[in-house]
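K.L.:
Could you look at this predicted model? Sequence included:
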Amino acid sequence: MRGDEGRYDVVDGNDPVRAAVVAERREQAELLATLDREQWDAPTLCVGWRVREVVAHVTMPFRMSLPRTVAELVRSGGRFDRMADRCARRDAARMSPEQLVAVRRDTATHPWTPPGGGVAGALAHDVIHGLDITVGLGVDRRVPPERLALVLTGMRPRNIAYFGVDLTGVRLRATDVDWSLGDGTPLTGLAQDLLLVVCGRRLPPGRLTGGAAARFTAGG
């Protein structure tokens, strides 16, 4: 299941976004190594995925060659979401938590970027899915504010449209960094929680405040 991730061990110290990617992956690996078996099987904010499926998903690009990825995409009728779900479930069943942690750790400096997303897209991918895990588990991990700022400032209308979240009439305002988005009824919370709102996640109760909080809260 392992790819050629061990070849990638050079980080450009002049690129703050690449450095943030490496730091995020390493910190996630450390956190994942502390989880017990029950937590690995616990649900995340990615509906239908446990922790093990999310980790299988974020490590998939490092374990799967381009030709194999294309073959899997064809098998899934050209639908990336369908392919991602099928592969995540398959690999989560085949790989142990220890194997998944090892890939997350060993690929910290891997140069992969999502198609059209660049290094900023890689950082967003890692940060968002990391939050899917920690918020879902109730683990109090705070993504460093400078790292969140890189992700939030990279959010464009097309990114928001991709997630399909309806932010009509809502103004998101972070309580811990200088960031806001939209116009309308204020919705406040930590920047990392508002990032999850933008990505279409429904958060556990008590993380958001404002008249529209229930709209973006699980069970609301």
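P.N.:
Arrived safely, thanks for sending. Numbering: from 1, shown residues only.
K.L.:
so how far is V135 from the residue nearest to I128 when sequence neighbours are not counted?
P.N.:
Nearest residue to I128, sequence neighbours excluded (Cβ to Cβ, 6 or more residues apart in numbering): C199, at 5.5 Å. (Each C-beta comes from the backbone N, C-alpha and C, glycine too.) Plainly put, C199 is 11 Å away from V135 if you go by Cβ to Cβ, to the nearest Å.
K.L.:
In the worst-scoring helix or strand of the chain on mean pLDDT, which residues are buried?
P.N.:
Least confident element among the helices and strands of the chain, by mean pLDDT, DSSP states H and E: helix 157-163 (a mean of 76). Buried residues in helix 157-163, counting neighbours by 16 or more other Cβ atoms under 10 Å, are found at I160.
K.L.:
residues making contact with the next helix-or-strand element following it?
P.N.:
Tracing the chain past helix 157-163, the next element assigned as helix or strand by DSSP states H and E is strand 170-174. With contact meaning Cβ atoms under 8 Å, 6 or more residues apart in numbering, strand 170-174 is reached by 152, 179-191, 194, 197-198, 212, 215.
K.L.:
Over to stretch 71-79?
P.N.:
So stretch 71-79 is contacted by M64, F80, R82, M83, R86, C87 (Cβ under 8 Å, 6+ apart).
K.L.:
So among those residues, where is pLDDT lowest?
P.N.:
Across the contacts of stretch 71-79, the smallest pLDDT goes to F80, namely 83.
K.L.:
Provide a list of residues in contact with it.
P.N.:
L73.
K.L.:
tell me the phi and psi of it?
P.N.:
phi -60, psi -40 (degrees, to the nearest 10).
K.L.:
on that earlier part again, Throw the contacts of stretch 71-79 into a markdown table and include distance to I160 and secondary structure, thanks.
P.N.:
Formatted as a markdown table, those follow (distance: Cβ to Cβ, whole Å; DSSP: H, G, I helix; E, B strand; the rest coil):
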| residue | distance to I160 | secondary structure |
| --- | --- | --- |
| M64 | 28 | coil |
| F80 | 18 | helix |
| R82 | 22 | helix |
| M83 | 23 | helix |
| R86 | 26 | helix |
| C87 | 26 | helix |
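K.L.:
What would the least confident helix or strand of the chain look like as PDB? C-alpha coordinates only.
P.N.:
In PDB, the C-alpha atoms belonging to helix 157-163 read as follows (Å, rounded to 0.1, in the frame of the first residue of the first chain):
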ATOM      1  CA  PRO A 157     -16.300  32.200  -4.600                       C
ATOM      2  CA  ARG A 158     -15.600  29.100  -6.800                       C
ATOM      3  CA  ASN A 159     -14.300  27.300  -3.700                       C
ATOM      4  CA  ILE A 160     -17.400  28.100  -1.700                       C
ATOM      5  CA  ALA A 161     -19.600  27.200  -4.600                       C
ATOM      6  CA  TYR A 162     -17.900  23.800  -4.800                       C
ATOM      7  CA  PHE A 163     -19.100  22.900  -1.300                       C
END
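K.L.:
No further questions, thank you.
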